[in-house]
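**Q** My questions are about this predicted structure, shown below with the sequence.
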Amino acid sequence: MNSTPSSLPHIGLGWDTHRLEAGQDCILGGVLLDSPVGPVGHSDGDALLHALTDALLGAAGLDDIGTLFPDTYEENKNRDSADFVKAAMHAVQQNGLQVASVDCVLICDEPRLGPYRPAIRARMAELLHLCETRVNLKGKTTEGGDAKRITVQVVVLLVNA
């Protein structure tokens, strides 16, 4: 018997990490950054949107990004990660839910995110149908601990639509 009230919010955690490599496009949160390194991935490598997708799906109690968009499928090669977020948002809405807020942490030594925060927040807010004040984005460095990688954590809060 399910005794959890349906009016309670749903929380989801997304996590992703990608190797950084010279000469790769650096796309984070759907925004192209001017950077000498970028994340390597089967799709466009946007670790932020990958973690966001997993957080959305997890909060809604659905399968993860790797199950829905396998990196073994040719149609996902070089795919725009915004497609994954849009599909996750559709699934969230189909389950009678909507996004209330998002909190993101990007951990990398390079690129520096400060100059790009407003554009990334704006793009994420657009994808999530939120005002920008509901999308938080923090950049953290490893202080030289792992300069060859970007790691992202995202928490999403969903409420009934």
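**A** Looks like it arrived, so ask away. What you see is a predicted model, and the numbers here were worked out from it, not measured in a lab.

**Q** How far off centre is the helix or strand hosting Ile150?
**A** Assessed by DSSP states H and E, Ile150 sits inside strand 149-160. The chain centroid and the centroid of strand 149-160 are separated by 6 Å under CA atoms, centre = their mean, to the nearest Å.

**Q** Likewise for stretch 74-93?
**A** 11 Å.

**Q** again, but for stretch 107-125
**A** 12 Å.

**Q** go on, stretch 55-71?
**A** On CA atoms, centre = their mean, the centre of stretch 55-71 falls 11 Å from the chain's centre.

**Q** Give me the residues contacting it.
**A** 10-14, 41-43, 50, 53-54, 76, 79, 84-85, 87-89, 91-92, 95, 97, 99, 102, 154-158 (CB atoms under 8 Å, 6 or more residues apart in numbering). Every C-beta, even on glycine, is put in place using the N, C-alpha and C of the backbone.

**Q** PyMOL command for the buried members of those?
**A** Selection of buried members from those for PyMOL, criterion 16 or more other CB atoms under 10 Å:
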select buried, resi 10+12+14+41+43+50+53+54+76+79+84+85+87+88+89+91+92+95+97+99+102+154+155+156+157+158
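
**Q** so where does Leu127 fall, helix or strand?
**A** With DSSP H and E as the test, Leu127 turns up in helix 117-128.

**Q** List of residues touching that helix?
**A** By CB under 8 Å, 6+ apart, helix 117-128 touches 28-31, 48-49, 52, 82, 85-86, 89, 99, 102, 104, 113, 130-132, 134-137, 139.
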